[in-house]
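**Student:** whatever this is, show me its structure:
(2 chains)
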Protein chains: 2
Amino acid sequence: MKATIIHGAGDVRVETVPDPQIQDTTDALVRVVSACICGSDLWPYRSMAASEHGQRIGHEFIGVIEDTGSDVSGLTRGDLVVAPFVWSDNTCDFCQEGLQTSCRHGGLWARNGIDGGQGEAVRVPQAQGTLVKLPVSEDSALLPSLLSLSDVFPTGYHCAHTAGVTHSTTVTVIGDGAVGLSAVLSAKRLGAERVILMGRHKDRTDLGIRFGATDVVAERGEEGIEKVRQLTGGGGTHRVLECVGLKDAIETAFGVVRDGGVVSRVGAPQYAEVPMDFGVFLRNFTLTGGVAPARAYIDELLQDVLDGTIEPGLVFDLTVNLDDVSDGYKAMADRTALKVLVRP
Amino acid sequence: MKATIIHGAGDVRVETVPDPQIQDTTDALVRVVSACICGSDLWPYRSMAASEHGQRIGHEFIGVIEDTGSDVSGLTRGDLVVAPFVWSDNTCDFCQEGLQTSCRHGGLWARNGIDGGQGEAVRVPQAQGTLVKLPVSEDSALLPSLLSLSDVFPTGYHCAHTAGVTHSTTVTVIGDGAVGLSAVLSAKRLGAERVILMGRHKDRTDLGIRFGATDVVAERGEEGIEKVRQLTGGGGTHRVLECVGLKDAIETAFGVVRDGGVVSRVGAPQYAEVPMDFGVFLRNFTLTGGVAPARAYIDELLQDVLDGTIEPGLVFDLTVNLDDVSDGYKAMADRTALKVLVRP
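**Tutor:** Just a heads-up that it's a prediction; the model follows:
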């Protein structure tokens, strides 16, 4: 089959790899119907050292079950399913606590012999725990929004949820990428009374306004912090959703959070440490978030997608064929596309 | 009057300073009945650069009202009162949110012309918002426990409260100082099913057991982390209360917290940054805590002290006269005393 391999910065290729086979009784084989490129895929796309063998890539996909191992129940050949971006058994103690990203028998796609999502097919370990059946056909118009349940939307939702966004909170969202916009939509869904979106790409912040942002701050750094503080009577917002992952972004988050508030981060951190000195200590704010256990949120969010309450798939603004996946990476890296859908 | 002045590391003196006077209509004058030395006072005692003028010190006291400004109501000459370690108006938006340490009109003792607690008397700014009346006489046997409401016990309580300790949580407390032991007592009060105390001074950990610790781990660093993980089936505890403030301690906290759990820190940080890299991100734990808004907790905790449910004053194991306060510092710094009560 064909699958995407990244060989280094700027070097993404579609190559022929071995067809996946059932290996364990808990596996399923899935033919990929649609996949996508994640903002986090851009980190290796920008910085990975050149590699002859390269590495499989992609961790978001919807597909159709082609076969299942003998210990998989509840899933049948022909079922349309969505895969969260971490696979898990969904039964261990961590999974039971809603933290499938720490599953005792789970792991990441495209690592250690596991297929990536940007390919024609995937062997899914722990299939019964991982995959969620979708009650629509593979040509449904809902597919982009259903695909967003794989990662980007639950990641924004995890950010808002762990931050404790409620109807009485004010929120700043840092970043107008697909995760930031998903965080806006999530904050709105949780009833936030005010959502300030920090971003400087008008087409993206316009979608943010459609998703529920009440204010847009285009300024960055100290100037941006000052602007958010002006908008909030000097105090900052109760909740801050950091959806970028750069040190500047987390520092901005600390600058705009209200004393006693919460910063949640879901941008994969491109930094090793954060300031936690006496000055921070005096302000009593909380730092939470992390990699989103998408599986924990899919059942709840799926209903809202199916009934049309929310349309998180609006973040997709470009579709490419698998053979052209490299163009998709370039478009996202150049910011000519917000988020790219890939069709094998 | 006499008051304590710190002139540098190891150099604490009792000197004559101007008698306090009412300056603002919101002030009260308080004659100090008992004060104490805080673990945080030991940081300057260990490291402060020599200073000719020196600096007032002390931020925990119980006293008797001697006079009040014209805008102070509810407090009368002769009332016994306890002062939280940050003064505040108790009416601003932050105070209403229970964050009196961020009060818009508050501040710290022994700074910027404000008296310290380790002296004969104190001018109390924002007296009506700051002071809490005690329904006992100044010779009550409850005085040590009531004095602990000034800082050490609410600080331990803030740690357990912000960590979200409940009846279903397992807890590790890092540090067997007076704050750590107060955190044990607080975790017990909040119903924690298991409280692992990390400390290596048997007399202190014995008091920790009396306060509710179910396990004691004397090992430190990697060995201590391993021990706590062994005690918890490999996963660590849901909640970790960091009551030291050193980088080693916060790193131990990160080592023993369960994925998805909470680390709360109330040890005044002697570090500038903490690790928040991709490895931490994958574990989804929360970092919370900060300087304790003692005022927010006093009303609730006072009842338990008055009715004898808890006896947080057991942390005091040495009493000195004000003239001998330097001996008290030495005893705490040498760890021959756990916490020192000072009588003017």
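**Student:** for stretch A:227-246, give the mean pLDDT please.
**Tutor:** Averaging pLDDT along stretch A:227-246 yields 97.
**Student:** likewise stretch A:317-332?
**Tutor:** 98.
**Student:** helices along chain A, start to end?
**Tutor:** Remark: helices assigned in chain A by DSSP state H are A:42-47, A:93-96, A:127-130, A:143-147, A:152-163, A:178-189, A:202-211, A:221-231, A:247-256, A:278-283, A:294-306, A:325-333.
**Student:** wait, A:V12 sits on A:Y45?
**Tutor:** Yes. Using C-beta atoms under 8 Å, A:V12 makes contact with A:Y45 at a distance of 6.7 Å. Every C-beta, even on glycine, is put in place using the N, C-alpha and C of the backbone.
**Student:** what about these two, which has more around it?
**Tutor:** Neighbours per residue (other C-beta atoms under 10 Å in any protein chain shown) separate A:V12 from A:Y45, with A:V12 holding more: 24 against 21.
**Student:** so what's the more buried one up against?
**Tutor:** For A:V12, the contact set (C-beta atoms under 8 Å, 6 or more residues apart in numbering or on different chains) comprises A:4-6, A:45, A:57, A:325-326, A:329.
**Student:** which residues of chain A lie near chain B?
**Tutor:** Within chain A, the positions adjacent to chain B are A:93-94, A:97-99, A:101-102, A:162, A:235, A:250, A:259-260, A:265, A:268-269, A:271-278, A:280-291, A:293 by C-beta under 8 Å from any C-beta of the partner chain.
**Student:** can you tell me which of those residues are buried?
**Tutor:** A:94, A:97, A:99, A:101-102, A:162, A:235, A:250, A:259-260, A:265, A:268-269, A:271, A:274, A:276, A:278, A:280-281, A:283-291, A:293 (16 or more other C-beta atoms under 10 Å in any protein chain shown).
**Student:** strands - which of those residues land there?
**Tutor:** Among those, DSSP state E puts A:259-260, A:265, A:274, A:286-289 in strands.
**Student:** tell me the one among the residues you listed nearest to A:R204.
**Tutor:** A:R265 (19.6 Å; C-beta to C-beta).
**Student:** need the contact list for that closest one.
**Tutor:** Here A:R265 is in contact with A:159, A:242, A:245, A:250, A:253, A:287-290, B:276, B:281 (criterion: C-beta under 8 Å, 6+ apart).
**Student:** rerun that using 6 Å as the cut-off
**Tutor:** A:242, A:289 (C-beta atoms under 6 Å, 6 or more residues apart in numbering or on different chains).
**Student:** tell me how far it lies from A:A294.
**Tutor:** As for A:R265, its distance to A:A294 is 16 Å (criterion: C-beta to C-beta, to the nearest Å).
**Student:** one more: A:Q303?
**Tutor:** 15 Å.
**Student:** neighbour count: these two, which is higher?
**Tutor:** Per other C-beta under 10 Å, whichever of A:Q303 and A:A294 has more neighbours is A:A294, with 28 against 10.
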